[in-house]
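Trainee: Quick one: sequence plus predicted model below, questions after.
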Amino acid sequence: MNAKRSISAALILAGSVAGAQTLESTYRTNGPAVHASFESVRGVLQSTSAVIKRGRKEIVYGTVISADGYLLTKASELGDGTGLTVTIGDKVYPDPVKLAEDPAWDVALLKIDADGLVPVSPALDLPEPERGTWVVANGATTRALRRVQVGIISANAREILPAGGAVLGVTLEEKSKKLVITEIHEGGGAEAAGVEAGDLIVAAGGQPVADREELGKVIEKLRVGDDLDLTVERKGEQLDLKVRLAGRADLFGEEMSRNDAMSGRFSERRSGFPRVIQHDIIADRHRIGGPVLDLDGRCLGMNIARANRCETFAIPAGDLRSLADRLIAQAAGK
């Protein structure tokens, strides 16, 4: 029986529990009757998804993209990438190596010492899934078994703008009609470009600036990942620097509402993605990074963020394939 027919059968069984005030646990979305309906897809998850751990703690999932050990996962959950193991199927692979990273997508490329893995099969020949399409992803897992979670596509593919917009990565103070940099934030574009505390900002984007408002008008026209030409004065000398803009949420985290705080563990990085599909499968930050499959086991994308209690974002299959090819080529060129 294929997955679509099995789902119908499970729903009929569920409907037969008439008169009950609550649905029997067997027929709930995480019950054995529903899980059995997705057994063929669960088998695909078992071979194409990875569980990444530090010690005994699951920190993130991964997606197998090649038979010889390349994986994609959510970069911001890896930390420094050390002390990790990767479980695929029921086999454990020690010491994965992080080869490349794409900050715009928050994706890291990992390599394990393996052969004969089963990569995902991206649904590149199909139109992007419409709202209401059934999807399957990893739920809680054990060493031996992946457990399915099911849901539907709940929004059309779209860009998710960075929360708070683009930033230089500095703290500013206006003194005597001069814009002074008082602090450099770790991990920001200003730090990478060599900006120093005490520098005076003279111009941005080729335009003179003397206060926060003028600088803000230049930055608001740009996007996260764009380069800003910045002229600073340091000890009487002018320096021309190129600063790559970061997302405010990437540097400072995203503010959580009271509802967020009461509803689950969401991804620290949950905005600022070039393009996502959205579904309603419940997850937390440590279950992001695995594949999203259709009922035939084809890969529709890779989970990249648990955004809130109702929304999970995934990178669409076409973008994921292009991203994988680019990161592998980048790693080979090192």
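Mentor: Noted; the coordinates are in hand.
Trainee: Tell me which stretches of this protein form helices.
Mentor: Taking DSSP state H, the helices of the chain run over residues 3-15, 32-37, 39-48, 189-193, 212-219, 248-252, 258-263, 317-332.
Trainee: Give me whichever of the ones you listed is most buried.
Mentor: helix 189-193 (a mean of 21; mean count of other Cβ atoms under 10 Å). From N, CA and C alone the C-beta is placed, and that goes for glycine too.
Trainee: same for that helix, what does it pack against?
Mentor: strand 178-184, strand 237-244 (3 or more Cβ pairs under 8 Å, 6 or more residues apart in numbering; DSSP states H and E).
Trainee: Just give me the neighbour total for S25.
Mentor: 10 (other Cβ atoms under 10 Å).
Trainee: how near is V92 to T85?
Mentor: 5 Å (Cβ to Cβ, to the nearest Å).
Trainee: quick one, which of the two is more surrounded?
Mentor: Shown here are V92 and T85; by other Cβ under 10 Å, T85 has more neighbours (17 against 13).
Trainee: so who does S76 touch?
Mentor: 106, 267-269 (Cβ atoms under 8 Å, 6 or more residues apart in numbering).
Trainee: ranges for the strands of the stretch 101-250 of the chain?
Mentor: 107-111, 134-141, 146-160, 166-167, 170-175, 178-184, 200-204, 207-208, 227-234, 237-244, 246-247 (DSSP state E, counting those that start in this stretch).
Trainee: how long is stretch 43-52 from one end to the other?
Mentor: One end of stretch 43-52 to the other measures 19 Å (Cα to Cα, to the nearest Å).
Trainee: who touches it?
Mentor: With Cβ under 8 Å, 6+ apart as the criterion, stretch 43-52 contacts 58-64, 71, 73, 78, 84-89, 96, 110, 117-120, 136-138, 141, 145-146, 148, 289-291, 293, 297, 299.
Trainee: Going by distance to I304, which of the contacts of S76 wins?
Mentor: Compare each of the contacts of S76 with I304 using Cβ to Cβ and the shortest gap goes to D106, at 6.3 Å.
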